[in-house]
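S.K.: kindly return the folded structure for what I paste below:
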Amino acid sequence: MGSGAPRGQGQSVRLPRGASLSDFADKINANPGSLVQEMFSLGEMVTATQSCTDDTLLLLGEHLGYEVQIVSPEDEDRELLAQFNIDLDADVPAEQLVSRPPVVTVMGHVDHGKTKLLDAIRRSNVVADEAGGITQHIGAYQAHVEHDGRDRAVTFIDTPGHEAFTAMRARGAQVTDIVILVVAADDGVMPQTVEALNHAKAAEVPIVVAVNKIDKPEANPDRVRQQLTEYGLVAEEYGGETMFVEVAAKPGIGMDQLLEAVLLTADASLELTAPTDGPAQGVAIEAHLDRGRGAVATVLVQKGTLRAGDSIVAGSAHGRVRAMLDESGRQVTEAGPARPVLVLGLTAVPSAGDTFLAADDDRTVRQIAEQRQARRRAAQMATSRGRATLETLMEQIKEGEKTSLNLILKGDVSGSVEALEDALFKLDIPEEVQLKVIDRGVGGITESNVMLASASDAIIIGFNVRTSSATVKQLADREGVDIRYYSVIYQAIEEVEAALKGMLKPEYEEVELGGAEVRAIFRSSRFGTIAGCMVRSGVIRRNAKARLVRDGAVVADNLTIASLRRGKDDATEVRDGFECGLTLGNFNDVKEGDVVETFELREKPRA
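M.R.: Got it, this is the predicted structure:
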């Protein structure tokens, strides 16, 4: 090891996520080339400028005798802001603090009435000239209620389910003061109710339970109270501390009592104050790209006052506040603590949970945004290299590593998830491979599942379920998380077993079945476009895969022969030299002279 890299005597080295060997070399006054050689001696090929994973940096530090500390994103951000004399955690004198409204998130199981409840609260707070409803729906809004003779405001974060809640917590943004857990009185506690409850408990926030749908004949609010006792939520009438409010969102019963319970909980267990002076700080709750207005973000001010015209930075997006709108679509000139507003004027779309802050000038916010972007890119490059897929497992096993495959199981019903888990653990797998199920659940694949998979290099298996929204799929693509969908339990078991044994998934080859030329087109209100064809070669089979060729070019692929007729009779197949009528499912753009080619996929035996 005469490569010339200096040896540390337990000295501490602070490095950001995604740091390169050049960054490490700068910290210890070494030549980057010597560190490349050291890594080579440890069996890893790493270039001097390549972003390294945390494990790689820690391994090299241990090898050279340095104690490497990976700076957390939050600490990194503080150090970055300190360069611009911005301190997010500066203590504010007590005389500058004023009381602020509580921030409430509504969570619960799907179809238990979260949105209806929010609509009912919103409806009871709509002023007369807006009787038609809310003109500008944004991700958060304020409701007002008369409490102890005073007009009190409550801020609601209108997020679907608890995925966004988790996304914010994962980024270190503790936005919510109180959680309203909605449970349907006729349905009781369901899997997502428990999931939402666990998220709320992890955030250590007080919980108010809204027992919804009490107007239904089969409603049983007492059963809900008993069920939640098992999860540590004991109602006040049972001697506990949790407030239970019986409501019915559709007819609007119990809304005032619910708001009252929120305010009582806030007053009893929370001291909600914030400074109104100084530059604004807060959190971006949600953001999207609007075709007419560009990047639009819903932000919640936590400290200070945000004014139109301020220069702000949110995550790696920056800009000047061109306009601010409240939940009714009206322009507002300023927003104080716990006030949600829609902000126009950002250059890019921030992520949910990104912190935002107002600074003195455009130059400062641009520099902060650029440095955050560069840092995020380096961290992403480091992590994207090491992400697990079923295919990379074989290479790792070949290298003689003890490999573990982390799985997250999601299914349509709990029984199938348990059956799948049991079957996976009964697999006869090689000793050098470990199988770990780090999470399991019922329902669609959510953002929190993807983020857990991203953090623990896991593969998500969806059994009869899909991603809960397009944004979840985009997040999975961005984070490099491998999601596998199955509808047959044996197929899932076989693929996981194949992966664990170091095999790749089966390869298929296309085998041509036959071809037919379209001679006439018939339109039918019942069947759509029927193609009258002459079979030119091979055989045309019903339900076979097909493609449509026009003038030598493929017009449509991935079609299916939905129906096949010979004369007036249904046929399962029609051979070479005979005429037939066929339909291609929902595809109707067929013309005379087109050629229908049919084929099937056959598994190719591995050499």
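S.K.: can you list the low-confidence ranges for the stretch 401-550 of the chain?
M.R.: Within the stretch 401-550 of the chain, the segments meeting pLDDT under 70 span 401-403, 413-415, 418, 429-433, 501-507.
S.K.: now the helices: where do they sit in it?
M.R.: 414-425, 447-456, 470-479, 489-500 (DSSP state H, counting those that start in this stretch).
S.K.: what packs against the second one?
M.R.: So the one you mean is helix 447-456. Under the contact criterion of 3 or more C-beta pairs under 8 Å, 6 or more residues apart in numbering; DSSP states H and E, helix 447-456 touches helix 163-170, strand 403-411, strand 433-442, strand 458-463, helix 470-479. No exception for glycine: its C-beta is placed from N, CA and C like everyone else's.
S.K.: list the buried ones in it?
M.R.: Within helix 447-456, the residues scored as buried using 16 or more other C-beta atoms under 10 Å are 447-454.
S.K.: turn those into a markdown table, columns for distance to Thr176.
M.R.: Formatted as a markdown table, the buried residues of helix 447-456 follow (distance: C-beta to C-beta, whole Å):
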| residue | distance to Thr176 |
| --- | --- |
| Glu447 | 16 |
| Ser448 | 15 |
| Asn449 | 20 |
| Val450 | 21 |
| Met451 | 17 |
| Leu452 | 20 |
| Ala453 | 24 |
| Ser454 | 23 |
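S.K.: quick revisit: so of the helices of the stretch 401-550 of the chain, which one's packed in deepest?
M.R.: Of the helices of the stretch 401-550 of the chain, the one with the most neighbours on average (mean count of other C-beta atoms under 10 Å) is helix 447-456, at a mean of 21.
S.K.: can I get that one in PDB, CA atoms only?
M.R.: C-alpha atoms of helix 447-456 as PDB (Å, rounded to 0.1, in the frame of the first residue of the first chain):
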ATOM      1  CA  GLU A 447     -45.400   7.100  -2.000                       C
ATOM      2  CA  SER A 448     -44.500   6.000   1.500                       C
ATOM      3  CA  ASN A 449     -43.900   2.400   0.200                       C
ATOM      4  CA  VAL A 450     -41.700   3.700  -2.600                       C
ATOM      5  CA  MET A 451     -39.700   5.900  -0.200                       C
ATOM      6  CA  LEU A 452     -39.200   3.000   2.200                       C
ATOM      7  CA  ALA A 453     -38.000   0.900  -0.800                       C
ATOM      8  CA  SER A 454     -35.700   3.700  -1.900                       C
ATOM      9  CA  ALA A 455     -34.200   4.000   1.600                       C
ATOM     10  CA  SER A 456     -33.600   0.300   2.100                       C
END
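S.K.: for that helix, what is the distance to the chain centroid?
M.R.: Chain-centre distance of helix 447-456: 8 Å, with C-alpha atoms, centre = their mean, to the nearest Å.
S.K.: what of stretch 192-209?
M.R.: The answer for stretch 192-209 is 18 Å, by C-alpha atoms, centre = their mean.
S.K.: ok, stretch 573-588 next?
M.R.: Distance, stretch centre to chain centre, for stretch 573-588: 44 Å (C-alpha atoms, centre = their mean).
S.K.: buried stuff in that stretch?
M.R.: Quick answer for stretch 573-588 (16+ other C-beta under 10 Å): 573-574, 578, 580-584, 587.
S.K.: dump those to JSON lines, plus pLDDT, distance to Met45 and secondary structure.
M.R.: Converted to JSON lines, the buried residues of stretch 573-588 look like this (pLDDT from 0 to 100; distance: C-beta to C-beta, whole Å; DSSP: H, G, I helix; E, B strand; the rest coil):
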{"residue": "Glu573", "pLDDT": "92", "distance to Met45": "55", "secondary structure": "strand"}
{"residue": "Val574", "pLDDT": "93", "distance to Met45": "58", "secondary structure": "strand"}
{"residue": "Phe578", "pLDDT": "93", "distance to Met45": "62", "secondary structure": "coil"}
{"residue": "Cys580", "pLDDT": "94", "distance to Met45": "59", "secondary structure": "strand"}
{"residue": "Gly581", "pLDDT": "94", "distance to Met45": "61", "secondary structure": "strand"}
{"residue": "Leu582", "pLDDT": "94", "distance to Met45": "55", "secondary structure": "strand"}
{"residue": "Thr583", "pLDDT": "93", "distance to Met45": "56", "secondary structure": "strand"}
{"residue": "Leu584", "pLDDT": "91", "distance to Met45": "51", "secondary structure": "strand"}
{"residue": "Phe587", "pLDDT": "88", "distance to Met45": "49", "secondary structure": "strand"}
